[in-house]
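Undergrad: what's the 3D shape of this:
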Amino acid sequence: MASVQTGLDRVLNGEAILPAGPLAFCTNYTSVTEDLGRGVDALLAAGAGIRSLLTPEHGYWGAAQAGESGGDSSDAATGLPILDTYLLEGEGLDALLRRTEAPQVVVDMQDIGTRFYTYMWTLYDLLCSAARTETAVTVLDRPNPLGTRSAGPGLAPEAASFVGRVSIPLQHGRTLGELALWFNEVHVPAATGSKAELEVITCTENRPLGAHRWVMPSPNMPTTTTAVLYPATGLIEGTTLSEGRGTTAPFELFGAAWTDSRLAAALREHQLPGLEVREAVFRPTFSKWAGETVHGVQFHLTDAEAFEPVTTGWKVLKTIAQLYPEQQLWREQTDATRPPFIDLLWGSAALREGIDDDAELTEVLAASPAAEEPPAATDLYSSHR
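TA: Predicted structure coming up:
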């Protein structure tokens, strides 16, 4: 079977052409060629008029932890200015685009298929700014490592944040290019009154790149297994439990200083599809429960196709609530005016309230916003049909 060619690969081999003229390149270290060279270097060698690099959360090299970025700097190899877009939106991002003095932005980053991963929201904010500033946008598409399956609820307006600007499914089943088309068709005009000028240079197929081409897209997303588990175990970020940050297996390991062997035993009894459950003891080096011994669980993925992220995430939280009713489950916001973080991750208060009320998953989903269906015109790959 022929290897998948990304949008970047297709530009470099001459199958697709970038617009001529100066451009800003919104990217990070996940923009790599077929032989794992840096995308920025390859595009410059091919004559692309890159004038600056725009970077998302974690910075260009992905060295910054969650909720952090690299700040403005310059790229050591090329001398190009690096402009940090993280948490910029509205007039602030409009001003940054104008600073680039480039009439177009090219985007190439690896998304992982889950709504509360932030690279897609960098893209959304860029599209809104591009619509306001009349800046053209070209997305170099990459496959979604979770494939085309979508799952989970949509997003309520009161739960909008940088882990979910607009309503798409929790596991969205789209490539970044398809999301760009969806945003630009529906949500960007609603936010700005107009669409951005947008082109998507597609992959040859939307199927996962080979394991040798996996580049971990952020410090706590080391493997494809992490990415598959993330729509379920990422919800633990909204609790007081460790989601495994500060260990070598984030989003596989989880627990708290107050959990014990009962947690693994109870989760094993549920026979969660696609998973084996192992009792585990770990000590995070940073983040929640740093330096403390945690008696928790490790999930071992046995069948990614059988794995059910929404059922698993709900079952984990419900089991913890039932086993440890005396413990505070939900993580508090530092800003009391904001909804609890679990609401931002799920997309509404329905999961938190349902767990507190010992509700079944069918009741939680019925109380959650329905996931929107993307316009058919945004389907770029036959795997959707």
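Undergrad: okay, helices next: where are they in the stretch 151-300 of the chain?
TA: Remark: helices assigned in the stretch 151-300 of the chain by DSSP state H, counting those that start in this stretch are 176-182, 188-192, 224-233, 261-269.
Undergrad: out of those, nearest to Ala306?
TA: Nearest to Ala306 among the helices of the stretch 151-300 of the chain is helix 224-233; the distance by Cβ to Cβ comes to 10.9 Å. In this view, the C-beta of every residue, glycine as well, is placed from N, C-alpha and C.
Undergrad: coming back round to it: redo the helices of the stretch 151-300 of the chain as a markdown table? Include mean pLDDT.
TA: Converted to a markdown table, those look like this (pLDDT from 0 to 100):
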| stretch | mean pLDDT |
| --- | --- |
| helix 176-182 | 98 |
| helix 188-192 | 98 |
| helix 224-233 | 97 |
| helix 261-269 | 98 |
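Undergrad: so which of these is nearest Gly152?
TA: Here helix 224-233 is closest among these (Cβ to Cβ), at 6.8 Å.
Undergrad: that closest one packs against which elements?
TA: Contact here means 3 or more Cβ pairs under 8 Å, 6 or more residues apart in numbering; DSSP states H and E; on that basis helix 224-233 packs against strand 294-301, helix 309-323.
Undergrad: possible to save the ones you listed as a markdown table with mean neighbour count?
TA: A markdown table is the format used below for the helices and strands packed on helix 224-233 (neighbours: other Cβ atoms under 10 Å):
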| stretch | mean neighbour count |
| --- | --- |
| strand 294-301 | 21 |
| helix 309-323 | 20 |
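Undergrad: who's in contact with the spatially most central residue of the chain?
TA: In the chain, the residue lying closest to the centroid (Cα atoms, centre = their mean) is Tyr117, at 2.2 Å. Tyr117 sits next to Asp111, Val163, Ser218, Tyr230 when contact means Cβ atoms under 8 Å, 6 or more residues apart in numbering.
Undergrad: which of these are buried?
TA: Asp111, Val163, Ser218, Tyr230 (16 or more other Cβ atoms under 10 Å).
Undergrad: for those residues, which one is nearest Pro340?
TA: Out of the buried ones among the contacts of Tyr117, the member with the shortest distance to Pro340 (by Cβ to Cβ) is Val163, at 12.6 Å.
Undergrad: distance check, that closest one against Glu57.
TA: 10 Å (Cβ to Cβ, to the nearest Å).
Undergrad: quick one: which of the helices of the stretch 151-300 of the chain is nearest Lys318?
TA: helix 261-269 (10.0 Å).
Undergrad: my guess is Tyr230 contacts Met221, does it?
TA: Yes. Here Tyr230 lies in contact with Met221, judged by Cβ atoms under 8 Å, at a distance of 7.2 Å.
Undergrad: between the two, what contacts are shared?
TA: Ile112, Phe251.
Undergrad: which pLDDT value goes with the residue of the chain most remote from its centre?
TA: Distance to the chain centre peaks in the chain at Glu326, reaching 32.7 Å (criterion: Cα atoms, centre = their mean). With respect to pLDDT, Glu326 scores 98.
Undergrad: now do Gln333
TA: 87.
Undergrad: okay, and the common contacts of Val163 and Glu57?
TA: The contact lists of Val163 and Glu57 share Thr118, where a contact means Cβ under 8 Å, 6+ apart.
Undergrad: next up, the contacts around the nearest residue to Leu263 once chain neighbours are set aside.
TA: Of all residues not flanking Leu263 in the chain, Val297 sits nearest, at 5.6 Å (Cβ to Cβ, 6 or more residues apart in numbering). With contacts defined as Cβ under 8 Å, 6+ apart, Val297 is in contact with Leu253, Phe254, Gly255, Thr259, Leu263, Ala264, Leu267, Val277, Arg278, Glu279, Ala280.
Undergrad: weed out the non-buried ones from those.
TA: For the contacts of Val297, buried by 16+ other Cβ under 10 Å: Leu253, Phe254, Gly255, Thr259, Leu263, Ala264, Leu267, Val277, Glu279, Ala280.
Undergrad: just the ones of the residues you listed in strands?
TA: Leu253, Phe254, Val277, Glu279, Ala280 (DSSP state E).
Undergrad: excluding chain neighbours, what is closest to the last one?
TA: If the residues on either side of it in the chain are set aside, Ala280 comes closest to Gln298, at 4.1 Å by Cβ to Cβ, 6+ apart.
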